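Engineer: build the 3D model from these lines:
(2 chains)
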There are 2 protein chains.
Amino acid sequence: MTSILEKYKEFLPLEGVIEFEGLGEGNTPLVKSGNLQPSGTLFLKMEQLNPTGSFKDRFAAVETALMKQAGIKNFIATSSGNTGSALAAYSAKHGLRCLLFVNEVAPENKLKQMLVYGAEVFRVKDFGVTNDLSAPIFKRLQELAEESLTRLVISAYKYSPDGMEGVKTIAYEIVEQMGESPGQLFIPVGGGGLLSGIWRGFLDLKEQDLIEKLPRINAVQPELNDTLVTPINEGLDMAREVKTTTTISGLAVQVDIDATLALKSVKDSGGTGVLVTDEEIYRAQRQLSESEGVYVEPAGATSVAGYLKAISQGIVRDDEKSVCILTGHGLKDTSSSESFLNSRQIRNIGLGGINRDLIESE
Amino acid sequence: MTSILEKYKEFLPLEGVIEFEGLGEGNTPLVKSGNLQPSGTLFLKMEQLNPTGSFKDRFAAVETALMKQAGIKNFIATSSGNTGSALAAYSAKHGLRCLLFVNEVAPENKLKQMLVYGAEVFRVKDFGVTNDLSAPIFKRLQELAEESLTRLVISAYKYSPDGMEGVKTIAYEIVEQMGESPGQLFIPVGGGGLLSGIWRGFLDLKEQDLIEKLPRINAVQPELNDTLVTPINEGLDMAREVKTTTTISGLAVQVDIDATLALKSVKDSGGTGVLVTDEEIYRAQRQLSESEGVYVEPAGATSVAGYLKAISQGIVRDDEKSVCILTGHGLKDTSSSESFLNSRQIRNIGLGGINRDLIESE
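Structural biologist: This is a model prediction of the structure:
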């Protein structure tokens, strides 16, 4: 019944906000992996169990509370999928009008989820396809927000820093759940805001002497969207722009939004960067569902793909406590699991087909 | 990080179980409705935020822990949808082989979710269509379990009473979250196990003097599957068999499984029964998503449909604290919200279409 806004208000930029009622965001389980890591040192932070199915609810809860407090009645926002549903749901709760401008490749199911909560959804031709095509669209949205005296909301520190502070609460919860910092954290990087926010949360706790040591933060990216990992491993200080070809929805962010901020976080923590193929991400998604009973969308399994690679390469030891951040629920994008269902079909039988052969022939 | 099994072990039949690690089931939010009931007395228990998206995870967590402890390697189960996914996920976690026999009308999306977790899914012709057609299929499944020295698992007190005790934990959490019993509870009834389990949970708390007073329990059913409500309102002691025609997936249970047990629970609590039309359920589903930002499947909105009807009929006062149990996530069965999306479409625009008209023309 307590919102993360109320529970952690001393750590959040909530000046003036008096209404903290949310949708039950946060307070997500931390589950010990039994099969992917039999040593019992791998923990899964189940952010896919937030109300709309992703960690973006932590951002939306803070951002919409602030807009309501400021007397804003409507706003515009961009989304590749999960941010849109999160903002739409909290807008329904708070009576805000939410206009979402989504990129051309956002999965259909995710767009429908936005509509369900009553948002107005505009799919913009060429948006998100290449940097050259996206730039003027983005500029036009910024102008529109100014002309209309409203806000352009984007789930990134670069654009909506106050709302993004909601992400810090993931760190507070992990420490409450473990009683200490984990040794290692694995976090997927698209824009970079999730990783940056979690690191800031740990810094808060250190500053207040609530933890003894900080964890190492490891950034995991698809090889095909490597804005951050190669620069980290080359010792550079800045993320870079790439031409993305990854098929992992939500992680195709080719420009440096919060990526340099994330890069700095990784370096400050003494962590590293891990690249994984799209195939390794899909395999981790399947392993999570079949071996752990945890169903996430592909982006949501990226941290686990990175962890497994880091273990196999000896970057991380299996006696170190590691936390992987899972991000979005598998039910948000069921088309992404069609591939691994090909080998397993629903079988149609009649009364006569119910016999011991079904059990004995595995 | 604490499973409900560990937290509430003194109240659960877990003799011999030593491994309590679950999937983060339970500990679901209790959210205050802001718009459906502006008086601030309506609370939504968000059971759709369980790991596989429904309250059935509480059942599956206990049932599979017991099977693992008993050394069972495989089992068979029946499901109309949500039980199957819950059992499949916990089977993946615990390394159990799970064979699911589903009825002919279970939504395709729900069957796919079962497959995702690695279950073997058999759709049985005529199962769940009428009582006459279902009875021999059910009998054959019971025989198969005996022949194969395994269990037939069904989420009902009548068949799997130990696992069903997991449902009691909903009551414990509500009291922790509110600091007391609510005045009224609204609970959907399909088979009747959910309601019966929650009532048993409150009785536990009363017996241990952990609450002062018991809540009134109100059963909500579709008019088209009225096994329980009319018998309650006529003062009878037994539920009845009906020919169901409801379109609400999960609530079409035409025989008395736990319905008489649920009827007794309602009477003992001093509550009542409420009938709602399928239309009223779909409307409540839409109101929850558009006014509260909460997306559930139709069955999941049934308690709210019943609450709104009870308020309009003066059965419940709006100054009484009421809790509605929401059961299954909307993302589990997106086809069920297609109807209310007809009026709201994704709009395709280009760069030139981004202008103030979008904001000014509502």
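Engineer: just the CA atoms of stretch A:125-143, as CSV, please.
Structural biologist: Listed next in CSV are the C-alpha coordinates belonging to stretch A:125-143 (Å, rounded to 0.1, in the frame of the first residue of the first chain):
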residue,chain,number,x,y,z
LYS,A,125,6.9,7.3,-40.2
ASP,A,126,10.7,6.9,-40.2
PHE,A,127,11.0,7.6,-36.5
GLY,A,128,13.6,5.4,-35.0
VAL,A,129,14.8,4.0,-38.4
THR,A,130,18.1,6.0,-38.7
ASN,A,131,19.6,8.9,-36.9
ASP,A,132,19.2,11.2,-39.9
LEU,A,133,15.6,10.4,-40.3
SER,A,134,14.8,10.6,-36.5
ALA,A,135,16.6,13.9,-35.8
PRO,A,136,14.1,16.3,-37.5
ILE,A,137,11.1,14.4,-36.0
PHE,A,138,12.6,14.7,-32.6
LYS,A,139,13.3,18.4,-33.1
ARG,A,140,9.7,18.9,-34.3
LEU,A,141,8.4,17.2,-31.1
GLN,A,142,10.5,19.6,-29.0
GLU,A,143,9.1,22.5,-30.8
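Engineer: A strand includes residue A:2, no?
Structural biologist: No. If the criterion is DSSP: H, G, I helix; E, B strand; the rest coil, then residue A:2 is coil and not within a strand.
Engineer: quick check: the gap between it and chain B.
Structural biologist: 9 Å (C-beta to the nearest C-beta, to the nearest Å). Placement of C-beta: from N, CA and C, glycine included.
Engineer: doesn't residue A:234 make contact with residue A:240?
Structural biologist: No. Checked against C-beta atoms under 8 Å, the pair residue A:240 and residue A:234 is beyond contact range at 10.0 Å.
Engineer: neighbour count: these two, which is higher?
Structural biologist: The residue with the greater number of neighbours, taking residue A:240 and residue A:234 and applying other C-beta atoms under 10 Å in any protein chain shown, is residue A:240; the counts read 17 against 9.
Engineer: quickly find the element holding that one.
Structural biologist: Residue A:240 belongs to no helix or strand when assigned by DSSP states H and E.
Engineer: wait, what's in contact with it?
Structural biologist: Counting by C-beta atoms under 8 Å, 6 or more residues apart in numbering or on different chains, residue A:240 makes contact with A:227, A:230, A:231, A:256.
Engineer: if you set the cut-off to 7 Å instead, what comes out?
Structural biologist: Residues in contact with residue A:240 (C-beta atoms under 7 Å, 6 or more residues apart in numbering or on different chains) are A:227, A:231.
Engineer: what packs against the helix-or-strand element of chain A with minimal mean pLDDT?
Structural biologist: Lowest on mean pLDDT, DSSP states H and E among the helices and strands of chain A sits helix A:338-341, with a mean of 80. The elements that helix A:338-341 packs onto, with contact taken as 3 or more C-beta pairs under 7 Å, 6 or more residues apart in numbering or on different chains; DSSP states H and E, are helix B:108-116.
Engineer: next structured bit after the helix it packs on?
Structural biologist: Later in the chain than helix B:108-116, the nearest helix or strand by DSSP H and E is strand B:120-124.
Engineer: pairing partners for that following strand, with directions?
Structural biologist: Taking DSSP bridges as the criterion, strand B:120-124 sits next to strand A:347-349 (parallel), strand B:97-102 (parallel) in its sheet.
Engineer: that one vs helix B:108-116, what angle?
Structural biologist: Relative orientation of strand B:120-124 and helix B:108-116, computed by axes from the mean of the first three to the mean of the last three C-alpha atoms, to 10 degrees: 150 degrees.
Engineer: return the distance of residue A:16 relative to residue A:163.
Structural biologist: 15 Å (C-beta to C-beta, to the nearest Å).
Engineer: and residue A:97, by the same measure?
Structural biologist: Taken as C-beta to C-beta, the span from residue A:97 to residue A:163 is 17 Å.
Engineer: neighbour count for the two, which is higher?
Structural biologist: Comparing residue A:97 with residue A:163 by other C-beta under 10 Å, the one with more neighbours is residue A:163, at 29 against 16.
Engineer: count the residues that sit near the closest residue to that one other than its chain neighbours.
Structural biologist: Counting by C-beta to C-beta, 6 or more residues apart in numbering or on different chains, residue A:163 lies nearest to residue A:63, which is 3.0 Å off, once chain neighbours are set aside. Residue neighbour count, defined by other C-beta under 10 Å, stands at 28 for residue A:63.
Engineer: nearest to residue A:327, out of the strands paired with strand B:120-124?
Structural biologist: For the strands paired with strand B:120-124, the distance to residue A:327 is smallest for strand B:97-102, at 26.8 Å, taking C-beta to C-beta.
Engineer: mind listing residues that contact the closest one?
Structural biologist: Taking C-beta under 7 Å, 6+ apart as the criterion, the residues outside strand B:97-102 that touch it are A:358-359, B:73-79, B:84, B:87-88, B:91, B:111, B:114, B:119-124, B:127, B:141.
Engineer: circling back to that earlier point, just the strands paired with strand B:120-124: most buried one?
Structural biologist: Looking across the strands paired with strand B:120-124 with neighbours counted as mean count of other C-beta atoms under 10 Å in any protein chain shown, the highest average goes to strand B:97-102: a mean of 23.
Engineer: pull out the buried residues from stretch A:322-332.
Structural biologist: For stretch A:322-332, the buried set under the neighbour-count rule, 16 or more other C-beta atoms under 10 Å in any protein chain shown, comprises A:322, A:323, A:324, A:325, A:326, A:327, A:328, A:329, A:330, A:331, A:332.
Engineer: before we move on, back to that, any chance of the strands paired with strand B:120-124 in TSV, plus mean pLDDT and distance to residue A:278?
Structural biologist: As requested, those are arranged in TSV below (pLDDT from 0 to 100; distance: least, C-beta to C-beta, whole Å):
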stretch	mean pLDDT	distance to residue A:278
strand A:347-349	94	30
strand B:97-102	97	29
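Engineer: got a list of what residue A:297 touches?
Structural biologist: Contact criterion C-beta under 7 Å, 6+ apart gives A:328, A:329, A:330, A:332, A:333, A:336 as the residues in contact with residue A:297.
Engineer: can you map out the strands along the stretch 251-362 of chain A?
Structural biologist: A:273-276, A:322-326, A:347-349 (DSSP state E, counting those that start in this stretch).
Engineer: what about the first one, distance to the chain center?
Structural biologist: I take that to be strand A:273-276. The offset between the C-alpha centroid of strand A:273-276 and the centroid of the whole chain comes to 16 Å, using C-alpha atoms, centre = their mean, to the nearest Å.
Engineer: quick check: residue A:126 touching residue A:133?
Structural biologist: Yes. Taking contact to mean C-beta atoms under 7 Å, the distance of 4.0 Å between residue A:126 and residue A:133 places them in contact.
Engineer: still on that earlier bit, just checking: which of the buried residues of stretch A:322-332 also lie near chain B?
Structural biologist: A:329, A:330, A:331, A:332 (C-beta under 7 Å from any C-beta of the partner chain).
Engineer: out of the residues you listed, what pair is the most spread apart?
Structural biologist: Farthest pair in those, by C-beta to C-beta: A:330 and A:332, 7.0 Å.
Engineer: got the residues of the stretch 151-300 of chain A near chain B?
Structural biologist: Among all residues of the stretch 151-300 of chain A, those adjacent to chain B (criterion: C-beta under 7 Å from any C-beta) are A:177, A:289, A:290, A:291, A:292, A:293, A:294, A:295.
Engineer: ok, 10 Å please
Structural biologist: A:174, A:176-179, A:285-286, A:288-295 (C-beta under 10 Å from any C-beta of the partner chain).
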